[in-house]
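# Can you look at this prediction? I've put the sequence above it.
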Amino acid sequence: SDDIRNIGILAHIDAGKTTTTERMLYYAGKTRSLGEVHRGNTVTDYLTQERERGITICSSAVTFAWNGKRINLLDTPGHIDFTMEVEQSLYAVDGVIVVLDGTAGVEAQTVTVWTQADNHRLPRLVFVNKMDRSDAIFDKCIDDLKAKLDAKPICTQLPAKNVDGQLGIYDVITLEQLTWQQNDFGRTYSINKLESSSEIRELREKRNELIDQLSGVDDELAEVVISTESFDKVSNELIVQALRRATCQQKVVPVLLGSAYKNIGIQRVMDAVNAYLPTPNERNQIYNCFGGELKRGMRVLSSRGQAEVISKIYEPLADEYREVSSVRAGDVAICAGLKSTVTGDLLTTSHTSLKNAQKRLIQSLDATSPQYDEDEVDVNQELFSIEPKIPDAVYFCSIEPPSLSTQTAMEQALKQLQREDPSLRVNYDTVTGQTVLGGMGELHMEIIKSRLLSEYKIDVDLGPLQIAYKEAIETPAITTLSVEKDIAGSKQNVNITLQLTNNQTELFSLDKSPENVQNLNALRPRVLQVLRKGAIGALERGPRVGGQVVDTQIRLHNVTVGRGTADSFVMAAAAQCVQKLLSKSGTRLLEPIMAMQIVAPNERVSGIIADLSRRRALIKDVMPKGDRNKLILVNAPLAELSGYSSALRTISSGTASMTMQPCGFSEMNAADETLAVRRAQGLD
Ligand SMILES: Nc1nc2c(ncn2[C@@H]2O[C@H](COP(=O)(O)OP(=O)(O)OP(=O)(O)O)[C@@H](O)[C@H]2O)c(=O)[nH]1
């Protein structure tokens, strides 16, 4: 797998990821014509939604050969609603290309994806795109990388102006000027030695600066510089090797530039992927264990314990696939025939190999990463059971099929969509009889609607978007419910005592105190199972606004079930008992909170904070970000943030940028709660 690069491509929306990817495929010979984003025919943005809106929603993988290496590239969405997708694709890559819009520098979503790449400890390189535009400023992008992302950029290229006014590129390492031909869509470019002595002098200074920066983080290069006592004698090969080491160790970030749209500079980005980003083997602290080979027809175990058979394996090229018979460690592939496995699951051949691999992982972590201490039990969990953390839905809306006869088809389709996108929640509300979708935002829901139409031909209606409140009980309560009924001549009866208490860890427990222990020990496991299912199911819908009841434990004290009573009757009795308890104990609302990171010029901060405090926000920290800017860390209720990004644009005259992610649920005061309940009931 030394010849493989598994790379993600990340950016703020519209920076040009898709165009860049298209050019790579074209130059690598994988596509015969250039797909232009604005013409709506690119390979990676293959969903119609994406074509219509011109944005990337689903990650798609493409693979191509470049100079003897195979590059597997995962294109990821740039929209804020889809940070979950980005998170998932990062588990599958060893390095990342971050695309900047040269006219905008580091933008809000760049900060988010950069932080995500940090969390996954991914080496990265930066491609400053759109440098053909007259308002593009390369130096500002470099300043942004330092100030907003705390990165150590190494400029391996600088923008040059060709005689015809077109964008050219100076190679700072080789001291050459590169000029792309326009008559063959940039397939060829010329490499020229510099002519004017002032140009040579300036570029040589930049090269010296680069060596100086690099030797500050790479001891091997530092030794060469010290022993030769001159920057000029450091060979290009030594620089490239040092830059590779420092990039793989995430000490620096190589920066390249160009214009995807005008076909300038892309081949050099592909060269840089080969030269500076790690192979799956080099990222051994994670991938050592992911060894072996996956073959067609193989039986595997998923981390949730289910056996699966791999019926077919495909090499991806966006929505076109080529069938292959096997894949090796380090490859990215698409498998058909898996029934229960979802994104993020780990597949192994047996429990023993899973155990052995876990052992090897811990050993390799100890050896290579001293920062992991043994108490950190989560490390194993975090790196090995690569299941991504799925945020709770913060919005929900009802979804209606066009006719009753399409209900089943819609449910099937939603199930499939959910396997691709675990952040989509699908519930059935027994009270209203409606199917309810939970998700991350308005665009998220609209995309589901539009995919149902285009891929499954089901034209659904979505209800209004509502905030997904949760509920928690106010006071503990205990009650006994006795139900008796004749159903088709057979007597059904259940007598059950349940209690609700505040508890954040365990959902269901048995009260084995002396007066109950005998009753509970005599309980048949099957009865306990259905009872538990009924009781826990009733927590899905709280009495205030129908929100999920959380931080609450159901405690079973006592139950007697009459002879011949059906399971469904026991289940319904348990659910009814919990509902009775919920109205007895009363519930408080918990509202979704968003964590926001706002970067704004110093002079705009007070205005932004004044506005935030009107939105019930909690300012957590305000810290300097470079000389001119501040980073504001703030938590605010989602209910107060509708239209916030445009409000922020107005307050800051477009100078501030922002990212936000859901960060849990919290209690609200009585007045806000009353307001929220009225709104949820449609009274306000
Ligand atoms: N002038 C100029 N325009 C570019 C360049 N690269 C891309 N664009 C334009 O910028 C727009 C966005 O490009 P995309 O490639 O769709 O950007 P993206 O990052 O994939 O966007 P999302 O998929 O929405 O995240 C399109 O209209 C492109 O034609 C470039 O180098 N120069």
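Arrived safely. Numbers count the residues shown, from 1 in each chain.

# need the residues of the stretch 151-300 of the chain near the ligand, please.
259-262 (C-beta under 6 Å from any ligand atom). Any C-beta I mention is one placed from the backbone N, CA and C, and that applies to glycine too.

# Using the three-state scheme, assign the residue of the stretch 501-650 of the chain found nearest the ligand.
Using C-beta to the nearest ligand atom, the closest approach of the stretch 501-650 of the chain to the ligand is made by S645 at 15.8 Å. With DSSP: H, G, I helix; E, B strand; the rest coil as the basis, S645 sits in helix.

# Could you give the number of residues near it?
S645: 14 surrounding residues under other C-beta atoms under 10 Å.

# I figured it hits M658, correct?
Yes. Using C-beta atoms under 8 Å, S645 is in contact with M658, at 6.3 Å.

# Restricted to strands, list the residues of the stretch 151-300 of the chain next to the ligand.
With DSSP state E as the criterion, strands contain none of those.

# mind giving me TSV with those and columns for distance to Y189, pLDDT and neighbour count?
Converted to TSV, these look like this (distance: C-beta to C-beta, whole Å; pLDDT from 0 to 100; neighbours: other C-beta atoms under 10 Å):
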residue	distance to Y189	pLDDT	neighbour count
S259	13	97	27
A260	14	95	27
Y261	16	94	19
K262	12	94	19
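
# so which two of those residues are the farthest from each other?
A260 and K262 (7.7 Å; C-beta to C-beta).

# what residues are up against the residue of the stretch 501-650 of the chain closest to the ligand?
M658 (C-beta atoms under 8 Å, 6 or more residues apart in numbering).

# Can you classify the residue in the stretch 351-500 of the chain positioned nearest to the ligand by secondary structure?
Nearest residue of the stretch 351-500 of the chain to the ligand (C-beta to the nearest ligand atom) works out as L443 at 11.4 Å. Put simply, L443 is helix when judged by three-state DSSP.

# got it, and the one 3 residues further on?
In three-state terms, and counting by three-state DSSP, E446 is helix.

# per-residue pLDDT, it?
For E446, the model assigns a pLDDT of 83.

# That one: how many residues sit nearby?
Neighbours of E446 (other C-beta under 10 Å): 16.

# Quick one: residues contacting it.
L462.

# tell me the strands in the stretch 401-550 of the chain, going along the chain?
Using DSSP state E, counting those that start in this stretch, the strands of the stretch 401-550 of the chain run over 425-429, 434-439, 461-462, 466-467, 470-473, 477-487, 490-502, 508-510, 548-549.

# Mean pLDDT and distance to N129 added to these, as CSV?
Converted to CSV, the strands of the stretch 401-550 of the chain look like this (pLDDT from 0 to 100; distance: least, C-beta to C-beta, whole Å):
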stretch, mean pLDDT, distance to N129
strand 425-429, 85, 36
strand 434-439, 89, 30
strand 461-462, 93, 35
strand 466-467, 88, 37
strand 470-473, 94, 42
strand 477-487, 92, 60
strand 490-502, 93, 52
strand 508-510, 93, 53
strand 548-549, 92, 43
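
# where's the nearest residue to S259 once chain neighbours are set aside relative to T103, distance?
Nearest residue to S259 in three dimensions, chain neighbours excluded: D132, at 3.8 Å (C-beta to C-beta, 6 or more residues apart in numbering). Between D132 and T103 the distance is 10 Å, computed by C-beta to C-beta, to the nearest Å.

# Kindly report the same for I239.
For I239, the distance to T103 - C-beta to C-beta - is 30 Å.

# more crowded one of those two?
I239 (24 against 17).

# what about the host helix or strand of the more buried one, average pLDDT?
Counting by DSSP states H and E, the element that carries I239 is helix 236-248. Regarding helix 236-248, the rounded mean pLDDT is 95.

# Which strands or helices does the helix or strand just after that helix pack on?
Remark: after helix 236-248, the chain's next helix or strand is strand 253-257, criterion DSSP H and E. In terms of contacts (3 or more C-beta pairs under 8 Å, 6 or more residues apart in numbering; DSSP states H and E), strand 253-257 is packed against strand 124-129, helix 138-149, strand 153-155, strand 157-161, helix 236-248, helix 266-276.

# ok, residues contacting strand 253-257?
98, 102, 124-129, 131, 138, 141-142, 145, 151-159, 169, 243, 247, 265, 268-269, 272, 276.

# what does stretch 500-512 give?
472-473, 476-478, 499, 516, 520, 532, 535-536, 539, 551-558, 578, 581-582, 585.

# Now which of these would you call buried?
Buried subset of the contacts of stretch 500-512 (neighbour count, 16 or more other C-beta atoms under 10 Å): 472-473, 476-477, 499, 516, 520, 532, 535-536, 539, 551-558, 578, 581-582, 585.

# Now, these that are in helices?
Taking DSSP state H, the ones among these that sit in helices are 516, 520, 532, 535-536, 578, 581-582, 585.

# now, which of those residues sits nearest Q407?
Using C-beta to C-beta, those come closest to Q407 at I536, 25.2 Å.

# can you tell me how far the closest residue to M410 other than its chain neighbours sits from A409?
Nearest residue to M410, sequence neighbours excluded (C-beta to C-beta, 6+ apart): P401, at 4.4 Å. Plainly put, P401 is 8 Å away from A409 if you go by C-beta to C-beta.

# Next: D459.
In terms of C-beta to C-beta, D459 sits 12 Å off from A409.

# how many neighbours does M623 have?
With other C-beta under 10 Å as criterion, M623 counts 9.

# so where's the stretch 501-650 of the chain uncertain?
626 (pLDDT under 70).

# Might you report the residue contacts of D101?
With C-beta under 8 Å, 6+ apart, D101 has these contacts: 11-12, 14-16, 107, 129-130.

# Make CSV out of these and add secondary structure, pLDDT and neighbour count.
Formatted as CSV, the contacts of D101 follow (DSSP: H, G, I helix; E, B strand; the rest coil; pLDDT from 0 to 100; neighbours: other C-beta atoms under 10 Å):
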residue, secondary structure, pLDDT, neighbour count
A11, strand, 87, 27
H12, coil, 84, 26
D14, coil, 82, 19
A15, coil, 90, 27
G16, coil, 91, 25
E107, coil, 86, 22
N129, strand, 98, 30
K130, coil, 96, 24
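
# Adding distance to the ligand as columns, could you present the residues you listed in JSON lines?
What follows is those, written out as JSON lines (distance: C-beta to the nearest ligand atom, whole Å):
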{"residue": "A11", "distance to the ligand": "5"}
{"residue": "H12", "distance to the ligand": "7"}
{"residue": "D14", "distance to the ligand": "4"}
{"residue": "A15", "distance to the ligand": "4"}
{"residue": "G16", "distance to the ligand": "3"}
{"residue": "E107", "distance to the ligand": "11"}
{"residue": "N129", "distance to the ligand": "5"}
{"residue": "K130", "distance to the ligand": "4"}
